[in-house]
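Colleague: mind folding the following:
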Amino acid sequence: MAVHARTHAARLRDERGSSLVETLLALGLVALVVAIGVQAFAYAHARSIATAAAQDGARTAVSAGPAAGLDRTRQVLRAGGGAARTLTASITQQSATMTVTVAGSAPGVFPLSLIMPSIRSSATLPLEQYAVEEQVAP
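Modeller: From the prediction side, this is the model:
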């Protein structure tokens, strides 16, 4: 019995400090999960701003022209602040449609940008066209 008690006491002495190591490993894992979550939130926020800018720009471009649509898209991107600083806008007009495209990358909160996909959002609306009979003669 005395031998068993001595080996048990020796084993407990050998494990001193192990709870500190286990706690540090757990905290490291928690910090990694938080970092990935913050980066995912930044990506989702930038994508939401890109979608809103493309939709608003397309709506304005159809009613007021491509230049006004591009201005409106840039206004929405500026209002997005730092989350939209790397996003750029472009407008394509075809015979019956107007397309606004916003593309770029999400802000890199942590050096995880190698695994983050790029952002590309576009909105297409038909151009308003009137029949010949409805057009007002000059």
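
Colleague: what's the burial count for Ser19?
Modeller: Ser19 has 9 neighbours, counted by other CB atoms under 10 Å. From N, CA and C alone the C-beta is placed, and that goes for glycine too.

Colleague: cool, and Gly80?
Modeller: Gly80 has 18 neighbours, counted by other CB under 10 Å.

Colleague: so how far is Val109 from it?
Modeller: Computed with CB to CB, to the nearest Å, the distance linking Gly80 and Val109 is 15 Å.

Colleague: now swap in Ala89 and tell me
Modeller: Using CB to CB, Ala89 is found at 23 Å from Val109.

Colleague: same check, this time on Ile115
Modeller: Ile115 sits 13 Å away from Val109, going by CB to CB.

Colleague: quick one: which of these two has more around it?
Modeller: Between Ile115 and Val109, counting by other CB under 10 Å, Val109 is the more crowded of the two (16 against 7).

Colleague: my guess is that one contacts Ala42, does it?
Modeller: Yes. Val109 lies in contact with Ala42 (CB atoms under 8 Å); the separation is 5.1 Å.

Colleague: lowest confidence element among the helices and strands of this structure?
Modeller: Across the helices and strands of the chain, mean confidence by mean pLDDT, DSSP states H and E is lowest for helix 2-14: a mean of 61.

Colleague: that one: what's the following helix or strand?
Modeller: helix 18-64 (DSSP states H and E).

Colleague: for the residue most central in space within the chain, what are its contacts?
Modeller: In the chain, the centroid-proximal residue (CA atoms, centre = their mean) is Tyr43; its distance is 2.1 Å. By CB atoms under 8 Å, 6 or more residues apart in numbering, Tyr43 lies in contact with Ala106, Met116, Pro117, Ile119.

Colleague: top of the residues you listed by neighbour count?
Modeller: The most neighbours of any of the contacts of Tyr43, using other CB under 10 Å, belong to Ala106, which has 26 neighbours.
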